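**Student:** Got a predicted structure here, sequence first:
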Amino acid sequence: MISSDGKQVGVLPLKEAMRIAEEQGLDLVEVAPNASPPVCRIMNYGKYKYQQAKRTHDARKHQTVIHVKEVKLRPRTEEHDFEFKLRHAQRFLSEGNKVKVSVLFRGREMAYPEHGMELIKRFIEGVKDLIVVEQAPRLEGRNMVTILAPKSQ
């Protein structure tokens, strides 16, 4: 058991520890239940819960959320459009987001999936210094998809 001022009291029976906490007008809180014997502390439980909530709120505030941005291409995308979408992907990756690159096939374009693979490889080559390929290019129905993640600094 640990007293309210942070000093270790020692191993006490539960009733004795509860009595000491009640005399001080505080609560007996089990801090480490998996320890042998379990560690308890005399403290104000309401204040303890408030501090825990504040800590988790601060931790959540400093977290960054990673979004998956999608860039859609077609097998016959022209060079200027390809460069434009490549610049968008570079911006998304520099902001720390993942990028999903999709090549959409329509009609008879499905007969030439190698054109889509070539386009995705060119895309990966254009951003290779910024990325890690999280999911290799693969055909999902009428779409060829790959997921690119930013390199960690």
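**Tutor:** Done, it's in.

**Student:** what does the longest strand belonging to the chain rub up against?
**Tutor:** Counting residues, the longest strand found in the chain (DSSP state E) is strand 131-140. Identification of contacts with strand 131-140 by CB atoms under 8 Å, 6 or more residues apart in numbering yields 93, 98-99, 113, 116-117, 120-121, 124, 144-151. In short, each C-beta sits where N, CA and C put it, glycine included.

**Student:** Give me the buried subset of those.
**Tutor:** Neighbour-count burial (16 or more other CB atoms under 10 Å) is assigned, among those, to 93, 98-99, 116-117, 120, 124, 144-150.

**Student:** quick one on the thing from earlier: please state the mean pLDDT value computed over the longest strand of the chain.
**Tutor:** With pLDDT averaged residue by residue, strand 131-140 scores 90.

**Student:** For Pro13, see how far away Ser152 is.
**Tutor:** Distance from Ser152 to Pro13, counting by CB to CB, to the nearest Å: 51 Å.
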